[in-house]
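Output the structure for:
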Amino acid sequence: MKKTLTIVVIALLITACNSKQKETKEEIQTEPMETTKELSKKEKASALLTSLETGDKTPISYINPNKYIQHNLAVGDGLAGFGEVMKNAPEGGFKAKVVRSFEDGNYAFTHTIYDFFGPKVGFDILRFEDGKIVEHWDNLAELTPANPSGHTQTDGSTEIKDLDKTEVNKTLVNAFVNTILVNGEFDKMANYFDGDNYIQHNSMIGDGLSGLGKALEEMAKNGVTMVYDKVHKVLGEGNFVLVVSEGKFAGQHTSFYDLFRVENDKIAEHWDIIETIAPEDTWKNTNGKFNF
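Residues are numbered from 1 along each chain as shown. Okay, the predicted model is just below:
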């Protein structure tokens, strides 16, 4: 919605000067016309998620009511599925705090702290057509204590910069995930980092490549495997890149959402959410987790 344009005209100011009573006429000054800008995709996405807590009905209008494809497998398709979730809100309602929001082409993606049937953290991806939200994907996990280096799942850098390097950074991160995590070429890992300078937000892993090494050793001791089979989507804005991948964790079909911050052409910081994919017979829609 746009406000009616207003023009404020400042009247002529007439000032008396000494006993000659000269009148000095100042120029008419017109203030800039005040307009309400169309919200960006990431602003609309953030407003919609925040409305889960505030109950604001306006962001619902950002969704195309005739085409809303839902990829959260626990939620029914379309606006009806969204409405069903809201109808079943617990006493006191939901909570939603968007920590980071980004956009890339027709997509917006966010990093959010929820109280959504229990404390959670999530990544949400929304696709737009003609300014309206038409599709939604997400990955959710339980909120956990700080990791061995004292970092939480959501703290850390939020400043978006290097917008001119978005595509370069997406290429770098995509290469890292495919080379290291999918293909297992661990001897090339050092190519993507500035020594041991690497901030980690995974709740089980400490900072640096050394922290990652220790975590992988512990997983191996306990017989826990983490396998990335395929990258499905890479989105980015400036120095932040989100990668959506499919694989297995501890033998279970899993969705991996990894957010990376790039600095000086190296991966500098990492957040992730790992979600086990429920059995197909429990799905409330048939749109699939990875159909982009």
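
For Thr58, give its distance to Thr50.
Distance from Thr58 to Thr50, counting by Cβ to Cβ, to the nearest Å: 11 Å. C-beta here means a position set from N, CA and C on the backbone, and glycine is covered the same way.

ok, those two, which is more surrounded?
More crowded of Thr58 and Thr50, by other Cβ atoms under 10 Å: Thr50, with 17 against 11.

is it fair to say the more buried one lies in a helix?
Yes - in this structure, Thr50 lies within a helix as judged by DSSP: H, G, I helix; E, B strand; the rest coil.

Am I right that it is in contact with Tyr62?
No - with contacts counted by Cβ atoms under 8 Å, Thr50 stays clear of Tyr62, the gap being 11.9 Å.

Could you break this structure into its assigned domains?
41-143, 163-280 (automatic domain parsing).

For Asn291, find the nearest of those.
Within these, the stretch nearest Asn291 is domain 41-143; the backing value is 6.8 Å (Cβ to Cβ).

start to end distance for the closest one?
27 Å (Cα to Cα, to the nearest Å).

to the chain's geometric centre, what's the distance from that domain?
11 Å (Cα atoms, centre = their mean, to the nearest Å).

before we move on, what about stretch 199-216?
Computed by Cα atoms, centre = their mean, the separation of stretch 199-216 from the middle of its chain amounts to 22 Å.

Show me what the mean pLDDT comes to for it.
Stretch 199-216 carries an average pLDDT of 91.

Now do the buried residues in it.
199-203, 205-209, 211-212, 215 (16 or more other Cβ atoms under 10 Å).

Only alpha carbons, please: show it as PDB.
Extracted C-alpha coordinates of stretch 199-216, given in PDB (Å, rounded to 0.1, in the frame of the first residue of the first chain):
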ATOM      1  CA  ILE A 199      34.300 -19.400  13.600                       C
ATOM      2  CA  GLN A 200      32.000 -22.300  14.100                       C
ATOM      3  CA  HIS A 201      28.300 -22.200  15.300                       C
ATOM      4  CA  ASN A 202      27.500 -25.900  15.100                       C
ATOM      5  CA  SER A 203      26.600 -26.700  18.700                       C
ATOM      6  CA  MET A 204      28.900 -29.800  18.800                       C
ATOM      7  CA  ILE A 205      32.000 -28.400  17.100                       C
ATOM      8  CA  GLY A 206      34.600 -25.900  18.300                       C
ATOM      9  CA  ASP A 207      36.300 -23.100  16.200                       C
ATOM     10  CA  GLY A 208      38.900 -23.700  13.500                       C
ATOM     11  CA  LEU A 209      39.700 -26.600  11.300                       C
ATOM     12  CA  SER A 210      41.200 -28.100  14.500                       C
ATOM     13  CA  GLY A 211      37.800 -28.000  16.100                       C
ATOM     14  CA  LEU A 212      36.300 -29.700  13.100                       C
ATOM     15  CA  GLY A 213      38.900 -32.400  13.100                       C
ATOM     16  CA  LYS A 214      38.300 -33.200  16.800                       C
ATOM     17  CA  ALA A 215      34.500 -33.400  16.200                       C
ATOM     18  CA  LEU A 216      35.000 -35.800  13.200                       C
END
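
let's number from 23 now, not from 1
With 23 as the first residue, the last one maps to stretch 221-238.

what sits up against that stretch?
For stretch 221-238, contacts defined as Cβ atoms under 8 Å, 6 or more residues apart in numbering pick out 166-171, 173-178, 211-212, 215, 218-220, 283, 290-294.
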